[in-house]
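>>> here is the input, now give the coordinates:
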Amino acid sequence: MMKSLFLSFLLGSILFMNNFSEVQGRKWKGEGTTQNLESISIGRCYDYIRVVNPAVGEKNCSELWEAFINAFINKDPCNILPQDFELFFKLSLHPIPADKSLFWENNQLLVNSFSDRARRYMTLGDTLFGFFGDFLNWCGKENSTGLDYESCPTAAECENNAVDAFWRMASMTYAQHSSGVVHVLLNGSAEGGAYPVRGFFADYEIPYLQRDKISQIVIWVVDDIEGPNIDSCGYNTVQILEDRLKALGYDVTCTDNYEPVMFLLCLDNPDHSKCTLSSDEHTISAVPHTVCRAAATSSHPSLLVLK
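Next comes the predicted model:
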């Protein structure tokens, strides 16, 4: 009898411990916190204010880190809200030059190359707050001051995760402080359309643009160098975007395959059939054939002639 009671107690204890361990060591589907997150983030802060954009002035990078981590540490990783990062964005905020804002969807690497670390345009990732967290991952653990380096929740597992909450607040802040001519670079080859009707631009940037601070919105729809041409100005989801912005009272223009971006694509893909090359001892020019046309009888034979 005593042996049976002992075995029952032992079995119950094992089941309890297994269940407890499963809860405590729960694994999310997303990748864990980026290793050396603190060193990377603080280092990026100093890199930004010393090298990338010294015009922002002095920022306390250690204070920024504390405000950042305190937004989500020791909390339920599925209950982090954009407002939790308010102090971080207050401390990291700096002016965004007029006419330099560049929004995007489905083409981050191209946009990064085109903006050239704020030398041409200042994308969200080119601000101090965007630069601080770009391409990093993070999450904490409930009732723990540690970071979870094993796994973090994905948006599919819970909408209010730390990374998405951060970028929602970043998008809202960026939109609120954009002014002058605002630019939007979309991927005309993106599956499902260039403009996602549900996405960061649609949900957390357009609604926070300040109408009285913006003179014009310029949309560029650029196809991947390999294609396909799924979307374009006045068509499909781009038409939806144009109509939405015009209904909000904005002056909107749209251009397909904007030349400077196409030049950039051809620099990365000089041997592609869409990019031709002509040279003489004085000039080498490479441009995509979809960008511009020149007469075959041009008085400048050294320049590329597109057919």
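>>> average pLDDT across the host helix or strand of residue 267?
Residue 267 is located in helix 259-268, with elements delineated by DSSP states H and E. Averaged across helix 259-268, pLDDT comes to 92.
>>> near residue 228, how many other residues are there?
Around residue 228 there are 10 other residues, counting by other C-beta atoms under 10 Å. For every residue, glycine as well, the C-beta is placed using N, CA and C.
>>> wait, I meant residue 270
10.
>>> quick one: it from residue 261, how far?
16 Å (C-beta to C-beta, to the nearest Å).
>>> on that earlier part again, what packs against the helix holding residue 267?
Applying 3 or more C-beta pairs under 8 Å, 6 or more residues apart in numbering; DSSP states H and E, we find helix 259-268 packed against helix 108-115, strand 214-222, strand 284-288.
>>> and the angle for it with strand 214-222?
On the basis of axes from the mean of the first three to the mean of the last three C-alpha atoms, to 10 degrees, helix 259-268 is oriented at 40 degrees to strand 214-222.
>>> tell me the buried residues in helix 259-268?
Going by neighbour count (16 or more other C-beta atoms under 10 Å), the buried part of helix 259-268 is 261-266.
>>> repeat that for stretch 66-84.
Buried-residue list, stretch 66-84, by 16+ other C-beta under 10 Å: 66-69, 71-73, 75, 77, 80, 82, 84.
>>> what ranges do the strands span in the stretch 101-250 of the chain?
Ranges of strands in the stretch 101-250 of the chain, per DSSP state E, counting those that start in this stretch, are 102-105, 140-141, 144-147, 151-152, 180-187, 214-222.
>>> dump the residue contacts of residue 162.
Residues near residue 162 by C-beta atoms under 8 Å, 6 or more residues apart in numbering: 71-72, 77, 80, 138-140, 152.
>>> can you check residue 197 too?
Residue 197 neighbours (C-beta under 8 Å, 6+ apart): 237, 240.
>>> for it, give its distance to residue 257.
In this view, residue 197 and residue 257 are 23 Å apart by C-beta to C-beta.
>>> once you drop chain neighbours, what's closest to residue 164?
residue 155 (5.5 Å; C-beta to C-beta, 6 or more residues apart in numbering).
>>> so the one you found sits right up against residue 161, yeah?
Yes: counting by C-beta atoms under 8 Å, residue 155 touches residue 161, with 6.6 Å between them.
>>> residue boundaries of the helices in the chain?
2-24, 37-47, 61-69, 86-92, 108-115, 128-133, 162-176, 200, 236-247, 259-268 (DSSP state H).
>>> to residue 99, which of those lies closest?
Among the helices of the chain, helix 108-115 comes nearest to residue 99, with 13.1 Å by C-beta to C-beta.
>>> mind giving me the packing neighbours of the closest one?
Judged by 3+ C-beta pairs under 8 Å, 6+ apart, helix 108-115 is in contact with strand 102-105, strand 180-187, helix 259-268.
>>> let's have the ones you listed in TSV, adding distance to residue 128.
Output for the helices and strands packed on helix 108-115, formatted as TSV (distance: least, C-beta to C-beta, whole Å):
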stretch	distance to residue 128
strand 102-105	16
strand 180-187	20
helix 259-268	25
